[in-house]
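> Model the structure of this input:
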Amino acid sequence: MNELFTIAGHFIDPQTIAEITPLGNGLINDTFKIMVQGETQPRYVLQRINNAVFTDVEMLQSNIEAVTNHIRQKYERQGVKDINRRVLHFLKADTGKTYVVENEQYWRVMDFIADSYTYEAVTPEYAYYAGRSFGDFESLLTDLEAPIGEVIPDFHNIEFRLKQLEEAVADDPIGQMREVEVQKFVAKIREAADRMCLGERLYREGKLPKRICHCDTKVNNMLFDKDGNVLCIIDLDTVMPSFVFSDFGDFLRSAANTGAEDDPDLDNIHFNMEIYEAFTKGYLEGTASFLTPLEKELLPYAATLFPYMQAVRFLTDYINGNTYYKIRYATHNLVRTRAQWRLFEEAEACLPIMKSVLS
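As a prediction, the model looks like this:
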């Protein structure tokens, strides 16, 4: 714990620190709250950046600084009140940067937003808030001129993910391709590949733009105040250029799934149209100022793309011997593949209804 005091001391006066204790249960970064002497609320958040996932921390923090500064300046011009609760603020260390390196680990400190709350439940109400908030977030960044790097290259590039699958199939490092079910999934994925790569083809043809997107759209990546109003978007590590499909489709992949991501009972898995309608309503309101007719038209495609892509990724990892995703049992990634493929089929079956909602 003394090490944490030393690290925090690069950002704030160490003599003022009363206590540093764990905060939350994030899967990627280790997070702590910093109590200041004489105060009952945490003042700051200390976070270790997982540089195994985010290998270019300089780019990562540069992206976040550019995005938060741009939003802050816009809010100031708009006369938005209580800006420090509406956009994240990262402190600069004694190095002049918003991170420090200690024992080959990367750390940062941000202001703690008091009296704020996150929610895990995905209801139509919160789905609408999420759609509106992430749409607004993208809208605020449409005129950002500062360069934003791709912190995880090809993160949501389906052609790249299919290439990874084909490499795994060819290498077959532990013999998983002997399984009939695996062979069938590979065949199904290949059969759907052409239509699912539509976005990448349109991009190469110059018909589809890339936007600055959040790329990890979940209800619990928003902070709410005590009255249920959205304060701000959080967890900005994955902000990078992408298609709007990333923010639209990835949210629905989890939020509109009536089952679990790894549900062994496929009868539990359906595509929840009530969540789709609520999220779409909010998202179209938030993106009204910039979304092109083609982007809008392809939103239902995005809702099918992400369960398809996740099925590809889970199957690839299963064939490779479970080297990427944490598993609880030997066939966990295969069970995940089944569940995501069922969601993909359910979403495709809902495409006519999804399109009618847009019109």
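> hang on, L231 in a strand?
Yes: membership of L231 in a strand is supported by DSSP: H, G, I helix; E, B strand; the rest coil.
> since we're on the closest residue to it other than its chain neighbours, how many residues are nearby?
Nearest residue to L231, sequence neighbours excluded (CB to CB, 6 or more residues apart in numbering): L223, at 4.4 Å. All C-beta spots, glycine's among them, are computed from the backbone N, C-alpha and C. Residues near L223, counting by other CB atoms under 10 Å, number 21.
> ditto for R161
When neighbours are counted by other CB under 10 Å, R161 comes out with 20.
> Give me the distance between it and T337.
13 Å (CB to CB, to the nearest Å).
> repeat for D263
In terms of CB to CB, D263 sits 12 Å off from T337.
> Looking at these two, which is more packed in?
T337 (26 against 19).
> So, low pLDDT: which residues of the stretch 251-359 of the chain?
For the stretch 251-359 of the chain, not a single residue meets the criterion pLDDT under 70.
> Report the contact partners of the nearest residue to G135 once chain neighbours are set aside.
Closest residue in space to G135, ignoring its immediate chain neighbours: G286 at 2.0 Å, by CB to CB, 6+ apart. Contacts for G286 were tallied using CB atoms under 8 Å, 6 or more residues apart in numbering; they are 131-139.
> hmm, try it at 6 Å
G286 makes contact with 132, 135-136, 139, according to CB atoms under 6 Å, 6 or more residues apart in numbering.
> And for Q164?
When contacts are counted by CB under 6 Å, 6+ apart, Q164 is found next to T316.
> mind listing the helices in the chain by residue range?
For the chain, helices defined by DSSP state H occupy the ranges 2-8, 57-78, 124-140, 158-171, 180-196, 198-204, 245-255, 273-286, 293-297, 299-320, 332-349, 351-358.
> how about those, which one is nearest W107?
helix 2-8 (4.9 Å; CB to CB).
> Tell me the helices and strands packed up against the closest one.
Judged by 3 or more CB pairs under 6 Å, 6 or more residues apart in numbering; DSSP states H and E, the packing partners of helix 2-8 are strand 17-22.
> what pLDDT, on average, does the strand it packs on get?
Averaging pLDDT along strand 17-22 gives 92.
> now stretch 109-129
Mean predicted lDDT for stretch 109-129 stands at 92.
> tell me how far the ends of it are from each other?
Terminal residues of stretch 109-129 lie 28 Å apart, using CA to CA, to the nearest Å.
> repeat for stretch 115-132
By CA to CA, one end of stretch 115-132 lies 22 Å from the other end.
> re earlier: quickly list what's touching both of D263 and T337.
Residues touching both D263 and T337 (CB under 6 Å, 6+ apart): none.
> Next, count neighbours for D115.
Around D115 there are 10 residues (other CB under 10 Å).
> residues contacting it?
Here D115 is in contact with K226 (criterion: CB under 6 Å, 6+ apart).
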